[in-house]
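1. What shape does this take:
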Amino acid sequence: MGTQARTASRRNQQARAHQARAEALRRTQRRHRYLAAAGGVVILVLLAAIGFVLFDAASGDDAAAPAPSSTAAPAGATAAGAIVTGTGPVTVTVYLDYLCPYCGRFERANSAELERLVADGTVRLELHPLAFLDKASQGTRYSTRTANAVATVADRAPASVLAFNAALFAQQPAEGGPGLTDERIAAIATAAGVPADVAATFTQRLFEHWVAASTETAFQRGGVTGTPTVKINGKVFEGDLYTTGPLTAAITAAKGKS
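-> The predicted structure is shown next:
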């Protein structure tokens, strides 16, 4: 073989060796890319699994508590959203919000009289705890929380409803503030005779959806435009709501006509 032929042969061998090395390098690079992609998938799967476990652990307490139901209502509540106490011949219906200062004035003037008239068999009292003033409690939803608490007592300790209702107004917070804490509401309840195990369920919010639905019903179909609204046998009482006596006189007159 001549010198030129040997040179050409060496060049061909070098070219084939270079191509082989280049192909091997490409295979290695492809394998690295595949492994990197697969590793990324594995990492994503692991992160997703870790996230699910953390989410499940964080939500475990909420899952353990009964979720509020849109159809749940306190035992004995009316279809219109009233909590009923008493069986007298005169029906007195009171629409109220526990943050409403005028409701506080009405209750301080009339709650003792209404309790007396319920006890002596004169009045069937229908309380409508509403929650339209949530926006006036700095985001704490005080109206909903207290209305839910009263509904819970009506469901589980009905004999304490009127005492708890009066106690909430006796310690009513100012409109526009944050309202009372859940712990304070529970303490007021137990001081009013509500069993501690019942007060402990307030934070489960068992009747929040019922409160919302009842509030909507009151304004859309109950003829309510503000609180307090008081009706005697279905007719709005137009007398003085903030002085003890006028409401009692109207109830006594209605009893005489029944």
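
2. CA only for contacts and neighbour counts going forward, please
-> OK.

3. For the nearest residue to Thr215 once chain neighbours are set aside, grab the count of nearby residues.
-> Once flanking residues are discounted, Thr215 sits nearest to Leu130: 5.0 Å by C-alpha to C-alpha, 6 or more residues apart in numbering. Neighbourhood size, Leu130 [other C-alpha atoms under 10 Å]: 30.

4. where does Leu130 land on pLDDT?
-> pLDDT recorded at Leu130 is 98.

5. Quick check: the gap between the residue nearest the centre of the chain and Pro129.
-> The C-alpha lying nearest the average C-alpha coordinate of the chain belongs to Glu208 (C-alpha atoms, centre = their mean; 4.8 Å). To Pro129, Glu208 is 11 Å away according to C-alpha to C-alpha, to the nearest Å.

6. For the stretch 1-150 of the chain, give me the ranges with low pLDDT.
-> For the stretch 1-150 of the chain, applying pLDDT under 70 flags the ranges 1-71.

7. Spell out which residues are contacts of both of Glu208 and Pro129.
-> Common neighbours of Glu208 and Pro129, counting by C-alpha atoms under 8 Å, 6 or more residues apart in numbering, are Ala147.

8. which stretches of the stretch 51-200 of the chain form helices?
-> Applying DSSP state H, counting those that start in this stretch to the stretch 51-200 of the chain gives helices spanning 60-64, 101-119, 142-156, 161-170, 182-191, 196-199.

9. Show me what the second one is packed against.
-> Helix 101-119 makes packing contacts with strand 123-130, helix 161-170, helix 246-257 when contacts are defined by 3 or more C-alpha pairs under 8 Å, 6 or more residues apart in numbering; DSSP states H and E.

10. what angle sits between it and helix 246-257?
-> Between helix 101-119 and helix 246-257, the angle comes out at 40 degrees (axes from the mean of the first three to the mean of the last three C-alpha atoms, to 10 degrees).

11. mind listing what's buried in helix 101-119?
-> The neighbour-count check on helix 101-119 (16 or more other C-alpha atoms under 10 Å) flags 101-111, 113-115, 117-118 as buried.

12. Excluding chain neighbours, what is closest to Ala151?
-> Pro74 (5.8 Å).

13. Same check on Ile232?
-> Val92 (4.7 Å).

14. residues contacting the one you found?
-> 123-126, 230-234.

15. Same list (those) but as JSON lines, adding neighbour count.
-> Compiled in JSON lines, these are given as follows (neighbours: other C-alpha atoms under 10 Å):
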{"residue": "Val123", "neighbour count": "25"}
{"residue": "Arg124", "neighbour count": "21"}
{"residue": "Leu125", "neighbour count": "24"}
{"residue": "Glu126", "neighbour count": "21"}
{"residue": "Val230", "neighbour count": "23"}
{"residue": "Lys231", "neighbour count": "15"}
{"residue": "Ile232", "neighbour count": "18"}
{"residue": "Asn233", "neighbour count": "17"}
{"residue": "Gly234", "neighbour count": "11"}
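
16. can you redo those residues as a markdown table with distance to Ala154?
-> Shown next, in a markdown table, are those (distance: C-alpha to C-alpha, whole Å):
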| residue | distance to Ala154 |
| --- | --- |
| Val123 | 17 |
| Arg124 | 15 |
| Leu125 | 13 |
| Glu126 | 12 |
| Val230 | 20 |
| Lys231 | 21 |
| Ile232 | 22 |
| Asn233 | 22 |
| Gly234 | 22 |
